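>>> Just a sequence and a predicted model for now, questions to come.
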Amino acid sequence: MEIWINPACSKCRSALTLLDAEGADYTVRRYLDDVPTEQEISAVLDRLGLEPWDITRTQEQAAKDLNLKDGEAWPRDASGRARWIKALAEHPKLIQRPIITADDGTAVVARTEEAVRDALSR
């Protein structure tokens, strides 16, 4: 399994602590340094069963600068999907964290202990 983290994020640190406590075998990806490509983001979204706007941190300054809350400029449907993914790749700080890609091919946004345990059980 792989976990996308921002080391400054308390939820990421909590997820790592739990993974370590459970003896999980995982790889850490510091996604702000090792920025995922558009293809990687699309693949993770497919694994999550979510859309890019579902994992976008809209309160970040970059989101405000891009005016992501403008539904006309940033439609939340198939017509806007590629643009949202491109924005996440260009501004990785907008990606919700942590994200764990489980060994069974699924993924979870692991912001809670329950979500981390769910990933561990896969």
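Looks like it arrived, so ask away.

>>> Please, where are all the helices along this structure?
10-21, 38-48, 61-66, 81-90, 113-120 (DSSP state H).

>>> What are the buried residues along the first one?
By neighbour count, with 16 or more other Cβ atoms under 10 Å as the criterion, the buried positions of helix 10-21 are 11-12, 14-16, 18-19. (Glycine included, C-beta is placed from N, CA and C.)

>>> Show me what that helix is packed against.
If contacts are counted by 3 or more Cβ pairs under 8 Å, 6 or more residues apart in numbering; DSSP states H and E, helix 10-21 sits against strand 2-5, helix 113-120.

>>> Please identify the most buried of these.
Among the helices and strands packed on helix 10-21, the stretch with the highest mean neighbour count (mean count of other Cβ atoms under 10 Å) is strand 2-5, at a mean of 22.

>>> Rounded mean pLDDT for that strand, please.
Throughout strand 2-5, pLDDT has a mean value of 98.

>>> Identify the neighbouring strands of it in the sheet and state each direction.
strand 27-30 (parallel), strand 99-101 (antiparallel) (DSSP bridges).

>>> Could you export it as CSV, CA atoms only?
What follows is strand 2-5 as a C-alpha-only set of coordinates in CSV (Å, rounded to 0.1, in the frame of the first residue of the first chain):
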residue,chain,number,x,y,z
GLU,A,2,1.0,3.6,-0.5
ILE,A,3,0.0,6.6,1.5
TRP,A,4,0.1,10.1,0.0
ILE,A,5,1.0,12.6,2.8
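
>>> going forward, begin numbering at 725 instead of 1
All right, first residue 725 from here; so that's strand 726-729.

>>> Give me the contacts around that strand.
736, 739-740, 743, 750-755, 760, 768, 819, 821-825, 834 (Cβ atoms under 8 Å, 6 or more residues apart in numbering).

>>> what does stretch 774-793 give?
With contacts defined as Cβ under 8 Å, 6+ apart, stretch 774-793 is touched by 765, 769, 772, 797-798, 800, 804-805, 808-809, 811-812, 815, 817-820, 823, 833.
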